[in-house]
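Visitor: based on what follows, work out the 3D shape:
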Amino acid sequence: MFELSAIVRGKVQGVWFRSWTRETAREIGVSGWVRNLPDGSVEVLARGTEEQLDRFEQRLWDGPPLARVNAVESRREPVDGPFPSFDVRR
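Guide: Residues are numbered from 1 along each chain as shown. As a prediction, this is how the structure comes out:
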């Protein structure tokens, strides 16, 4: 199991981007959370297999139709076990 920590920058602030991220995570099968940051970026923490995280990170770069992603700054590390679900945090 691996953990992906990412900061997504661009036109990503708002409820709809977080909801899209949660739906995408659940579709791919990763667990974790997403939240907006005060500077307008979005913070994502996801756990899954390397293949799942590869797919998930690419989807973050693509973004939903109304988003304009300028950067995804990420890092990965091995961890023990998944979170129970993927949630939107405030």
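
Visitor: which residues of the chain fall in helices?
Guide: Assigned helices in the chain, in chain order: 15-28, 50-62 (criterion: DSSP state H).

Visitor: how about the shortest one: buried residues?
Guide: Just to be clear, that refers to helix 50-62. Of the residues in helix 50-62, those buried by neighbour count under the rule 16 or more other CB atoms under 10 Å are 52, 53, 55, 56, 57, 59, 60. The C-beta positions use only the backbone N, C-alpha and C, and glycine is treated the same way.

Visitor: tell me the contacts of residue 55?
Guide: For residue 55, the contact set (CB atoms under 8 Å, 6 or more residues apart in numbering) comprises residue 28.

Visitor: how much space between the most centrally placed residue in the chain and residue 80?
Guide: When CA atoms, centre = their mean is applied to the chain, the residue found nearest the centroid is residue 44 (4.0 Å). Residue 44 sits at a distance of 20 Å from residue 80 (criterion: CB to CB, to the nearest Å).

Visitor: next: residue 66.
Guide: For residue 66, the distance to residue 80 (CB to CB) stands at 36 Å.

Visitor: how about residue 74?
Guide: 20 Å.

Visitor: excluding covalently adjacent residues, which one is nearest to the most far-flung residue of the chain relative to its centre?
Guide: The C-alpha centroid of the chain is most remote from residue 80, which lies 18.7 Å away (CA atoms, centre = their mean). With CB to CB, 6 or more residues apart in numbering as the measure, residue 1 is the residue that lies nearest to residue 80, at 6.7 Å, once sequence neighbours are left out.
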